[in-house]
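Asker: For reference, the sequence and a predicted model appear below.
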Amino acid sequence: MDTFDALFTRRSIRHFTKDPVAPDARRLLVRAALQAPSAADARPWHLVEIDERGVLDALGTAMEGCEMLREATYGLLVCGDPSLEKIPGFWVQDCSAATENVLLAVTALGLGGVWIGLHPVAERVAAVRAELGIPEGIVPLALVAVGHPAEDPGREDRFDAGKLHANRW
Ligand SMILES: Cc1cc2nc3c(=O)[nH]c(=O)nc-3n(C[C@H](O)[C@H](O)[C@H](O)COP(=O)(O)O)c2cc1C
């Protein structure tokens, strides 16, 4: 799948089969995240791979609206480490770029996934900290729930000329 196919076909997938995500695919998702651009190339991130059924289930139960984790067979948690920043304030953008890379790689691999936003939702951040033992100072930003898709929402063309401005607002 080329880049534009991945960009234009990516959708949030929240229902999954029980098939596991293969180790090679997992490695590619991790590599995709770590390949992201970051301000001053600071790479202010840490990843946590989650493949234990009990941990995915616990997170899906602990966080309201995250039931898809009980079907996902793999999770990739993207955390920010603001102490690694070279230009203060950019870690959210850096880690968001890493998260989007994961979603595009998920699509390119024929898998399905959804971005679960954590920071700045205090209850979600606390739940992830508690379940996974994330240290203070490290901020869980996004959890990508991944698996083999059991739904197909189809593609959606979101081009909107009203959002585009030329040279001046
Ligand atoms: C920052 C962010 C946080 C999100 N958090 C959630 C979430 O907690 N639960 C969820 O089901 N989807 C979540 N999503 C997915 C969006 O709901 C989804 O991307 C949006 O509805 C557009 O649909 P699409 O992904 O199929 O294009 C999140 C997306 C982003 C970018």
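Answerer: On my side now, so go ahead.
Asker: Now the residue of the chain found nearest the ligand. Nearest residue, chain neighbours left out?
Answerer: Closest residue of the chain to the ligand, C-beta to the nearest ligand atom: Gly117 (2.9 Å). (Glycine included, C-beta is placed from N, CA and C.) Spatial nearest neighbour of Gly117, chain neighbours left out: Ala142 (6.0 Å); criterion: C-beta to C-beta, 6 or more residues apart in numbering.
Asker: show me the biggest strand of the chain in terms of residues.
Answerer: strand 139-147 (DSSP state E).
Asker: Which strands border it, and is each parallel or antiparallel?
Answerer: Strand 139-147 has the following strand partners under DSSP bridges: strand 74-80 (antiparallel), strand 112-117 (antiparallel).
Asker: Give me every residue in the chain lying close to the ligand.
Answerer: Residues of the chain lying near the ligand by C-beta under 6 Å from any ligand atom: Arg11, Ser12, Arg14, Gly65, Val114, Trp115, Ile116, Gly117, Pro153.
Asker: can you rerun that using 5 Å?
Answerer: Selection of the chain residues close to the ligand by C-beta under 5 Å from any ligand atom yields Arg11, Ser12, Trp115, Ile116, Gly117.
Asker: how about the helices in this protein?
Answerer: Here the chain has its helices, by DSSP state H, at 3-9, 23-34, 53-62, 91-108, 122-132.
Asker: just the buried members of the residues of the chain next to the ligand?
Answerer: Arg11, Trp115, Ile116 (16 or more other C-beta atoms under 10 Å).
Asker: Same list (the residues you listed) but as JSON lines, adding pLDDT and distance to Leu109.
Answerer: Output for those, formatted as JSON lines (pLDDT from 0 to 100; distance: C-beta to C-beta, whole Å):
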{"residue": "Arg11", "pLDDT": "98", "distance to Leu109": "14"}
{"residue": "Trp115", "pLDDT": "99", "distance to Leu109": "16"}
{"residue": "Ile116", "pLDDT": "99", "distance to Leu109": "19"}
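Asker: what stretches of this structure score poorly on pLDDT?
Answerer: Of all residues in the chain, none has pLDDT under 70.
Asker: Nearest residue to the middle of it?
Answerer: Computing the C-alpha centroid of the chain and ranking residues by C-alpha atoms, centre = their mean puts Val144 first, at 3.4 Å.
Asker: Pull out the buried positions in stretch 130-147.
Answerer: 131-132, 134, 138-147.
Asker: ditto for stretch 41-57
Answerer: Ala42, Arg43, Pro44, Trp45, His46, Leu47, Val48, Ile50, Asp51, Leu56.
Asker: residues near the closest residue to Gly147 other than its chain neighbours, how many?
Answerer: Spatially, and ignoring its direct neighbours in sequence, Gly147 is nearest to Phe16 (3.0 Å; C-beta to C-beta, 6+ apart). By other C-beta atoms under 10 Å, 25 other residues sit near Phe16.
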